[in-house]
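Undergrad: Got a sequence here, can you build the structure:
(one chain, ligands or ions: 2)
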Amino acid sequence: MRTIDTLVAIEPGLDRQAVEATLPPEHGLRLVGVAEPGDDWEIARKQAADVLVVVSRPESPVMLAVIEESVRERPDRAVVVVTGASPNGFMRRIFEAGAEDVVVADEIGEPSLDLRFAVEKAVARRQGSSAREIKHDAGELICVLGPKGGIGKTLTTANLAVALADAGHRVAAVDLDLQFGDLGLTLGLVPEQTSYDLATSGGSLDAAKVATYMTEHVSGAHVLLAPTRPERASHVTVEFLREVYALLRRSYEYVIVDTPPGFSPEVIETVDASSRVCMIGMLDALSLKNMRLALETLARMGYDSDRIRVVLNRADTKVGISLEDTAAIVGRAPDVLVPSHRDITRSVNAGEPIVLASQRSEAARAFRSLADVFVAMRRPDNEPAPRKRRGLRRRDGS
Ligand SMILES: Nc1ncnc2c1ncn2[C@@H]1O[C@H](COP(=O)(O)OP(=O)(O)O)[C@@H](O)[C@H]1O
Ligand SMILES: [Mg+2]
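TA: Ligands and ions are numbered 1, 2, ... in the order given. Predicted structure coming up:
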């Protein structure tokens, strides 16, 4: 167990010994300073530490100021707050002040493993997010695109996210269809918090805060749902998305974004921020022509075609267009074919993605293979390229 250097700020009037007892050395926390806001705090706060633990009464403005000051001065130092049960509004203000986590303690003085875990998580998160740029090992951002509505973008987003999560990956999905998003319905989720609530929450964004606005699916995927009313869409701005994407890529291996049809500013921002595009088309002549136009638009944006994968939905042989025809119209062969099936319609209506509802169906297999395609694309970046083996040539050159 790694030792975590811990600085503690205590609200004046609280029992210092009781607080120290909350942080026993056998939990791997080494106290480097304990102080109350005031004179000795001016010295203590300069201490090098991995984390600041703020022990506060509920609704304490002094302690909120301590958090804000710490985040401003030492952005790489995590902040965890220990406080009594308090109204929701105060919790939100703690996060807005920049704290990573809050541990609610009825009585201060009990050694708390919750605190130990919160501190560990906060330190890992904060140190991960202190790197300004998207790091080499940042998660993939997969933008699911398609030229028209009703062609299977949402279906693909839902099933790709669930297939990846089910395979044990950390997955986030974002519904960018801000006016008519139905990713939540497709996944059977009830929207309690949406991107609208996050965008209008005020204060700065960090990974922990974004996490509190996401809804968890049974597969383990976390979903940032779309606003529940169309008129709220305008609150989700391009600048907001840029920040959210960067934070999500630090916390998840795969961030999958469902988009509305067309190249709106939000969609263009998502394409720009993405590492991959998953282009969806349907097997009919009009749809294929539109897919070609969309691929040409990506090329004009300078998007490298190696980063694009193509899904052909409703790819049944009955329609009279062969795969060769498809490749000729679109300009490239599809990577994954998804069949048309009434089980899919049923699974959408039931809010149970087909990869879970009907695991052996051809459609489920298609979406799992799509997940495999993106996993295979990610791997080479993280693993050193296998060294070329030298030929077994004899010394004498023969
Ligand atoms: N392969 C398919 N088989 C059967 N129904 C499908 C298939 N693909 C899509 N659908 C139906 O079409 C509807 C629209 O799909 P959706 O993913 O919402 O499209 P988009 O997000 O592109 O607008 C879905 O509700 C589903 O019922
Ligand atoms: Mg959709």
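
Undergrad: okay, CA-based contacts and neighbour counts for the rest of this
TA: Will do.

Undergrad: Now do the SS call for E239.
TA: Counting by DSSP: H, G, I helix; E, B strand; the rest coil, the backbone at E239 sits in helix.

Undergrad: separation between it and ligand 1?
TA: 24 Å (CA to the nearest ligand atom, to the nearest Å).

Undergrad: Now do the same for that residue: its pLDDT.
TA: Here, the pLDDT recorded for E239 equals 91.

Undergrad: For L52, grab phi and psi.
TA: Per-residue torsions, L52: phi -110, psi 120 (degrees, to the nearest 10).

Undergrad: which residues touch it?
TA: T6, L7, V8, A9, R77, A78, V79, V80 (CA atoms under 8 Å, 6 or more residues apart in numbering).

Undergrad: now, among the residues you listed, which is nearest to H169?
TA: A78 (25.4 Å; CA to CA).

Undergrad: Excluding sequence neighbours, find me the nearest residue to the closest one.
TA: V51 (4.6 Å; CA to CA, 6 or more residues apart in numbering).

Undergrad: Show me which residues of this structure are close to ligand 1?
TA: Contact residues (CA under 6 Å from any ligand atom) of the chain with ligand 1: 149-155, 313-314, 338-342, 344-345, 348.

Undergrad: ok, the residue positioned nearest the centre of the chain - contacts?
TA: What sits nearest the mean C-alpha location of the chain, by CA atoms, centre = their mean, is L248, with 3.4 Å. By CA under 8 Å, 6+ apart, L248 lies in contact with G139, A172, A207, V255.

Undergrad: Restricted to strands, list those.
TA: Judged by DSSP state E, the subset of those located in strands is A172, V255.

Undergrad: can you redo the contacts of L248 as CSV with pLDDT and neighbour count?
TA: Formatted as CSV, these follow (pLDDT from 0 to 100; neighbours: other CA atoms under 10 Å):
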residue, pLDDT, neighbour count
G139, 95, 24
A172, 98, 30
A207, 92, 19
V255, 98, 26
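
Undergrad: of all the contacts of L248, which comes closest to R72?
TA: Of all the contacts of L248, R72 sits closest to A207, with 16.4 Å by CA to CA.

Undergrad: start to end distance for stretch 49-63?
TA: 18 Å (CA to CA, to the nearest Å).

Undergrad: Now find how far off-centre that stretch is within its chain.
TA: In terms of CA atoms, centre = their mean, to the nearest Å, the centre of stretch 49-63 is found 27 Å from the chain centre.

Undergrad: How about it, which residues are buried there?
TA: The neighbour-count check on stretch 49-63 (16 or more other CA atoms under 10 Å) flags A49, D50, V51, L52, V53, V54, V55, S56, R57, P58, E59, M63 as buried.

Undergrad: Same list (those) but as a markdown table, adding secondary structure.
TA: Shown next, in a markdown table, are the buried residues of stretch 49-63 (three-state DSSP):
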| residue | secondary structure |
| --- | --- |
| A49 | coil |
| D50 | coil |
| V51 | strand |
| L52 | strand |
| V53 | strand |
| V54 | strand |
| V55 | strand |
| S56 | strand |
| R57 | coil |
| P58 | coil |
| E59 | coil |
| M63 | helix |
